[in-house]
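[1] A predicted structure for the sequence below; I have some questions about it.
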Amino acid sequence: MKIIAGFIFCLTWLLAANSYAQHFNIQQLNGSHDLRLPSWGPYSKRYAGISHIPDMASGMRFDFSVLPGYYRNKLLVPNVRFESSYFPWNVKNDLSTITYRYELEWKDQVYTDVTYTLIDTAAVLVSVHCVNNTALPQLLSLNLVASMEYPENYGIQTLKYGDGTQWYNAVDYRSISYAVKQPNTDLVYDGWMRGEVRSSRLINGRGIGGGFGRQQGDKITYEVNTPTGDKKARILFIYTMKGGKESVVQLSGLANQKVVFKPADSLAVLDVPFEATHNNSRLLTLTSLGGGDILLNGFVVTTDQSREPFTIVPAPMLKMPVSEENLPDRSLLLKYQDVPLYYGITWDTALFKIRSIQNDELDIFLRNETHNHVAKVLTGNMKGDYANIFIRPVSVEPYSDQTCTALLTCGTRDAVMAALKKSSPLKTHFAAQLKDTIPEEKGILPKGQPYLFSQRMLKSALLSNVVYPVYTQNQYIKHFTPGKWWNSLYTWDLGFVALGLSTVNRELATDCINAYVTPPGSQSAFIHHGTPLPVQVYAFLELWNQTQSQELLSYFYPRLKQYYEFLVGRYGSSSTNVLQSGLLKTWDYFYNSGGWDDYPPQVGVHHQHLEKQVTPVVTTAHIIRVAKILRMAARALNSRSDLKIYDNDISKFTAALQRYSWDAKSGYYSYVMHDSTGHATGFFNDPASGANFNMGLDGAYPLISGICTASQQETLINKIFSSKHMWSPSGITVVDQSAPYYRSDGYWNGAVWMPHQWFVWKTMLDMDSSDLAYKIASTGLDVYKRETDASYYTFEHFLAASGRGAGWHQFSGLSTPVLSWFTAYYKTGTITPGFEIWINGQSFNNDYTSYKANISFDQATPPHKRTVLAGMNPAFDYQVQFNGKPVEVKRLQKGVLQISLPAANGNGTLVISRDGDVSRR
């Protein structure tokens, strides 16, 4: 009865608080892994600028960049793949305005700020603000370059055929199964289709392989538009088959016969005649009888009885456009053969030269051609083509500036030509857009002002680190990336990207989570690339506690539950839970257990080839915390049967860690060795010193799970915050500094990273240790600010001793906790709990002087005090009540409250109200 009464109370509150909940268009999420961003955006994988996607399905991308330099001298080429003196400088939260700074002379002596402003779906205004802060006049040059880029694995061959012939790519199957299941059968890497192979030598760039045909019982089924009438027909399979061993396949359905695929190093054709009658099945099934590996590109069904009903013809990448110049004056029209759209560029500056650069890269080639003043065509290796508007010279007097403008447009020829015709200069026509600036963050508390520059730089890196095309789930998508060096999906990093986006743009945060989940029953339990840690669950908890969106809860819960089910070993081919100890491991899916590449015991496992025998702590520990979060979600949905599942898992995994992993001697939880039968045999120790190999954050992770005894909790907190162990001047190190295997020159070993510190920070809030939580956050903010203020870089990690940044220079992925910490401690109108609070409904008043919320707690953890942070109007003092009774409050600074909730697990109402006007005292 208490559960039902609590549910009714929550429901009543939710109905009352409905006006405060944010609503989302769930229909746009279902079946998509794309970001809801415009077709114009910072999507290039080559040079920083603006890109346009003419057709999402094609994978093709139009790129435009501005390359500033000194006239007939130094040229800056903004390559996104390495440091090249440009910086994402300021990006609007919806990406409608993007500014890059190009440092020609450090630091801000001579620079250009290039701003791309989306005018509408067809046009982008380009503003190049050239600044000279020196005592000498400067002559600058601007190279505007445009190109068409094709996707990776673009098929360089295609089929040509006539009426009565149909082509089916092998990937477009109805179902596929392999006789021998592998651990990744139900978790295909990168979210590809099961069995999919991608290669430019294949028609359409893809086919089915993965050992298909090797084992008896491999099966694949297609749905086919069968030929009509009683006719002779043919199926022609296009395939390759290396290795010298043929494979026998039984066809059934549309055709019923045995066929033999014979070895072929290049694309070969197997011609299978059959009778097409009205009784033919619409299904065609291929069942392997064993043999060699077939790489099936696809098949043709035809009634054409000629010897060759189709031909395989080249499909080259046609990068060279047909161009028309000066129609009207100072304009360029481009038409690429494989894209139906026209692109147009027009500009204001009078001194220019239109050129073509016929080379695949500009970093070396264009610099090498700096002194080629005459040629209209700069001929290189002919593997690429850049349309080039060379504007020169741009004269900028001492301590002055000048702005050059251009307009990009796309569409039909008539529409583009109309847009290129200027009745007035661009500066005049778009005067309002040029004056429009990106607004400063609102509601920032006074003590947060010093952090605004580093916050803006990280936010700009976060929003500009997005690329197209990325391929997953049979579609090309726009996708965030930790940094453009990683041109791919990345499961654990992108969980943190979603966390960062939740402070900037909740719709994009939702899209980012959605990119990694799949509908129940899917071929892949979730989208996997890299470390398989379920950060998406934590990101969803953040979104829920901000929005209370019932649509998001109903949509994401079954998908996140499926993600969880795979990681606990209950979904499909999962091999995570195969040991008798009940401890989990994910070595079958990636070498990295916790994102920490050179973490010592992890390195030791792989070096000694112990993947089948040794378990880390982090996997099981995360699963316990995720089970507790999903349990709160299930309770909110009244999915009572799921509560028992989570309770059993929490109990089982907690017992396993406590029984087998806790090492009282070292004061850490240990990696655990197992014998050939899967039974735990002892701790995994450093072979060189004999010390426990897990003296580091992995060894402290059960603290994040909330499963430690009081004694264990005290021990681990002392380890984390002791300068002899894990606390450094730059924050929490990943490896205990007293460990014999600690290094000062490692990637993670000897470095400070933000993501695991975020987990510890949230845990300190859950443990009502608000001072320690603030210590983590303030140290992280200060370290990040100091480096970014000095270098303008948004580095990947920080060296423990010096605090200087290292790694990728324009990183956003795992660094986004810095945005969360700033929002929690320096922004009005924010509420920040740990992992153990579920906000059922909440509301601020208009001036942030009062707040009311109904909250639930993690009932799978015993009752204890927990901290909630509240960002209120700084002009007042406040009193706080929980269920009508005063609670302890510490004011960290004006406007920031650290609220200590009582040790209870029942639902309650939290009320913050104004105590008095401080300014009148």
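    Looks like it arrived, so ask away. Residues are numbered from 1 along each chain as shown.

[2] when you work out contacts or count neighbours from here on, use the C-alpha atoms and nothing else.
    OK.

[3] check whether the residue nearest the centre of the chain sits in a helix, strand or coil.
    Nearest to the geometric centre of the chain sits Leu494, at 3.3 Å (CA atoms, centre = their mean). For Leu494, the assignment made with DSSP: H, G, I helix; E, B strand; the rest coil gives helix.

[4] quick one: the residue nearest to it when sequence neighbours are not counted from Thr788, how far?
    Nearest non-adjacent residue to Leu494, counting by CA to CA, 6 or more residues apart in numbering: Gly813, 6.3 Å away. Going from Gly813 to Thr788 by CA to CA, to the nearest Å gives 16 Å.

[5] neighbour count winner among those two?
    Between Gly813 and Thr788, counted using other CA atoms under 10 Å, the more crowded position is Gly813 (28 against 21).

[6] ok, the more buried one touching Thr491?
    No - contact criterion CA atoms under 8 Å: Gly813 and Thr491 do not qualify, at 10.5 Å.

[7] can you check which residues contact both of these two?
    Counting by CA atoms under 8 Å, 6 or more residues apart in numbering, Gly813 and Thr491 have no common neighbour.

[8] what about Ile357, which SS state?
    Put simply, Ile357 is strand when judged by three-state DSSP.

[9] quick check: bridge partners of it?
    Beta-bridge pairing for Ile357 (DSSP bridges): Leu378, Tyr386.

[10] contacting residues around it?
    Each residue near Ile357 by CA under 8 Å, 6+ apart is listed here: 377-380, 384-388.

[11] what's the burial count for the spatially closest residue to Asn545 that is not a sequence neighbour?
    The spatial neighbour of Asn545 that comes closest, neighbours along the chain excluded (CA to CA, 6+ apart), is Ile839 at 5.3 Å. Each residue near Ile839 was counted by other CA under 10 Å, and the total is 25.

[12] Lys852 is in contact with Ile839, correct?
    No - taking contacts as CA under 8 Å, Ile839 lies outside contact range of Lys852: 10.5 Å.

[13] Thr112: what secondary structure?
    Classification of Thr112 using three-state DSSP returns strand.

[14] which pLDDT value goes with the nearest residue to it once chain neighbours are set aside?
    Computed as CA to CA, 6+ apart, the closest residue to Thr112 that is not its neighbour in sequence is Cys130, at 4.4 Å. Note for Cys130: predicted pLDDT of 98.

[15] element containing Cys130, please.
    Assessed by DSSP states H and E, Cys130 sits inside strand 123-132.

[16] show me what the helix or strand just after that strand is packed up against.
    Per DSSP H and E, strand 123-132 leads on to strand 138-149 as the next helix or strand towards the C-terminus. Applying 3 or more CA pairs under 8 Å, 6 or more residues apart in numbering; DSSP states H and E, we find strand 138-149 packed against strand 61-70, strand 386-396.

[17] what is the longest one packed up against?
    Judged by 3+ CA pairs under 8 Å, 6+ apart, the packing partners of strand 386-396 are strand 123-132, strand 138-149, strand 352-358.

[18] switch the ones you listed over to a markdown table; also include distance to Gln449.
    Output for the helices and strands packed on strand 386-396, formatted as a markdown table (distance: least, CA to CA, whole Å):
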| stretch | distance to Gln449 |
| --- | --- |
| strand 123-132 | 26 |
| strand 138-149 | 34 |
| strand 352-358 | 43 |
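
[19] out of the ones you listed, flag the one nearest Glu196.
    strand 138-149 (23.4 Å; CA to CA).

[20] could you give the mean pLDDT of that closest one?
    The predicted model assigns strand 138-149 a mean pLDDT of 98.

[21] could you give the angle of it to strand 123-132?
    Using axes from the mean of the first three to the mean of the last three CA atoms, to 10 degrees, the inter-axis angle of strand 138-149 relative to strand 123-132 is 150 degrees.

[22] what comes up buried for strand 138-149?
    Using 16 or more other CA atoms under 10 Å as the burial criterion, the residues of strand 138-149 that qualify are 138-149.

[23] so which of these comes closest to Ser58?
    Ser58 lies nearest to Glu149 out of these, by CA to CA, at 10.8 Å.

[24] for the closest one, give its distance to Gly205.
    Distance, Glu149 to Gly205, using CA to CA: 16 Å.

[25] go on, Ala387?
    Distance, Ala387 to Gly205, by CA to CA: 27 Å.

[26] looking at those two, which one has more neighbours?
    Each of Ala387 and Gly205 has its neighbours counted (other CA under 10 Å); Ala387 has more, 24 against 20.

[27] and the pLDDT for that one?
    98.

[28] what's near enough to touch it?
    So Ala387 contacts 145-147, 354-357 (CA under 8 Å, 6+ apart).

[29] got the contact list for the strand holding Cys130?
    Identification of contacts with strand 123-132 by CA under 8 Å, 6+ apart yields 40, 109-119, 138, 396-410, 434.
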